[in-house]
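**Q** what shape does this take:
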Amino acid sequence: MRNLILAAFLLLNSVAFAQKIYNKKVSSIQFNADRDIKLYLPEGHDTDTIRKYPVAIVLNNDYLFDIYLGNSKIYATADLTPKQIVVGVDVDFGRNKDVSTVGKSGGLTTQSKKFYNYIKSELIPYLEANYKTSPYLTIVGDGDAANFLLHFLKEQKPIFNAYVCISPRITDQSIRLLTTYNLKRLDELDNQFYLYMSSNAFEKQERKDLFEQAKKGLESLELKNLHLAFKDYKDVPNKPAAIVKAPTDIFSTIFELYPRISKKEYDEKIKDLDPLEAIKYLESKYIEIEYLYGTNLNVRFEDIYAIEGIVIDRQDGDYLRVLGDFVMIKHPESHLGEYYVGMYHELGKDYEQALFYYKEAYGKMELSDPNTELFYENIIRIENAIKNAPKDQPLEELPLEEEENNDENPEEEDEEKEDE
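**A** Next up, the predicted model:
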């Protein structure tokens, strides 16, 4: 186990330090001086003309920056999160400094107000002006910095989407302030927000009790737009281990919409839908991903396959045409859309149209594709169906009864005879 932990630690560090990390200075009117930041730009930032990237501001440019950055790279490579711009902010943790609070009220000190306004009015505008940022912003801190960042929840127009508080040094005053922020206003906004808060076995009992108090109070609000995640790491050997372990839960919380459809998501949200609803769910998922994270992620084939069975097996495959058109729009280079449309026509016994679309699909496949020969069997099957279909009877051999009956009306003929 010890070797496994060591290997994971070395991997995280090698990933973090292998990246291009820039040391920048941001001019601050608040401090009448430059403030130092570390800046990581993901691969593709300088060449991709379309994509925008979520931003994570980490209030500690030392160990926490490295841990967050290393995990963000690993998760993005696994396609579990979008690529992120990660910013490490130099923080003075001294008494009455950047993240300090007033003991009696829990409010910000003169110095921490400057730091708050620096982040809000100087750092974020600097990042937005110079880099390809999406509107999705995360702020991360531990200890005093985690307690400090909770103050951003009071903004009437939210600055951040995600608030990550690792072992915050919360106080009675912190909880009292949270109750004054009118968090229910977030449910009136067309957006999603996330609050992650952690504790561990090595916290003082008083702080553990405050953590539970904050958890119960926030959960009692039952907010639909503020998604809460409280993690108590009771089984870690020390405090640093709790910090290293946190990103697994952080990323699954603040980027919960991004990953491909999981078994849990399928079972809870998709499996009982009818075909059209399943297609709409898939389309809405990716619209939400683009809207929330700013990434131009195309619909994954794995997610198309996840709903394929519903569309094929239910309502006689009547919505295969809709699925096929959807795939042709999203992946015009793929054969899959034409395949679904061909299947739709085959089920409807319109073999001429089925053959057309199967041939179109086959023409898009690479000869090196191991499924090419297997796919060609669709074409052979339809050609045989057309060949063996009953021939239409020639027009001259059709019975003329109906035509003769239409020439004269027998009742009218009888009436004429009676008149005579």
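**Q** residue 39 sits in which helix or strand?
**A** Element membership of residue 39 [criterion: DSSP states H and E] is strand 33-40.
**Q** and that strand, what's buried?
**A** Applying a neighbour-count criterion of 16 or more other Cβ atoms under 10 Å, the buried positions in strand 33-40 are 35, 37-40. No exception for glycine: its C-beta is placed from N, CA and C like everyone else's.
**Q** mind listing what residue 226 touches?
**A** In this structure, residue 226 makes contact with 183, 186-187, 193-195, 218, judged by Cβ atoms under 8 Å, 6 or more residues apart in numbering.
**Q** how about residue 21, phi and psi?
**A** Reported as degrees, to the nearest 10, the phi and psi values for residue 21 are phi -120, psi 120.
**Q** where in this protein is pLDDT low?
**A** 1-19, 61, 392-420 (pLDDT under 70).
**Q** now for the buried residues of strand 33-40: which two are most distant?
**A** Put simply, by Cβ to Cβ the two of these set farthest apart are 35 and 40, 17.1 Å from each other.
**Q** correct me, but residue 314 touches residue 273?
**A** No. Applying Cβ atoms under 8 Å, one finds residue 314 not in contact with residue 273, separated by 9.1 Å.
**Q** how much space between residue 232 and residue 255?
**A** 22 Å (Cβ to Cβ, to the nearest Å).
**Q** cool, and residue 326?
**A** For residue 326, the distance to residue 255 under the criterion Cβ to Cβ works out to 24 Å.
**Q** repeat that for residue 49.
**A** Here the distance between residue 49 and residue 255 works out to 24 Å (Cβ to Cβ).
**Q** neighbour-wise, which of these two wins?
**A** For residue 49 against residue 255, the residue with the higher neighbour count under other Cβ atoms under 10 Å is residue 255, and the figures read 24 against 6.
**Q** spatially nearest residue to that one, not counting backbone neighbours?
**A** residue 81 (4.3 Å; Cβ to Cβ, 6 or more residues apart in numbering).
**Q** three-state assignment of the one you found?
**A** coil (DSSP: H, G, I helix; E, B strand; the rest coil).
**Q** now do the contacts for it.
**A** Residues counted as contacts of residue 81 (Cβ under 8 Å, 6+ apart) are 72, 75, 251, 255, 258-259.
**Q** how about those in JSON lines, adding distance to residue 60 and secondary structure?
**A** As requested, those are exported to JSON lines (distance: Cβ to Cβ, whole Å; DSSP: H, G, I helix; E, B strand; the rest coil):
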{"residue": "72", "distance to residue 60": "15", "secondary structure": "helix"}
{"residue": "75", "distance to residue 60": "20", "secondary structure": "helix"}
{"residue": "251", "distance to residue 60": "18", "secondary structure": "helix"}
{"residue": "255", "distance to residue 60": "21", "secondary structure": "coil"}
{"residue": "258", "distance to residue 60": "25", "secondary structure": "coil"}
{"residue": "259", "distance to residue 60": "27", "secondary structure": "coil"}
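**Q** out of those residues, who's the most crowded?
**A** Each of these was scored for neighbours by other Cβ under 10 Å, and residue 72 scores highest at 28 neighbours.
**Q** who's in contact with that residue?
**A** When contacts are counted by Cβ under 8 Å, 6+ apart, residue 72 touches 56, 81, 83-84, 86, 247, 251.
**Q** buried among those residues? Make that a ChimeraX selection.
**A** Buried subset of those, written as a ChimeraX selection, criterion 16+ other Cβ under 10 Å:
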select :56,81,83,84,86,247,251
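**Q** taking the contacts of residue 72 together, which two end up most distant?
**A** 83 and 247 (15.3 Å).
**Q** helices along the stretch 101-250 of the chain, start to end?
**A** Taking DSSP state H, counting those that start in this stretch, the helices of the stretch 101-250 of the chain run over residues 110-118, 124-130, 144-149, 172-178, 205-219, 239-254.
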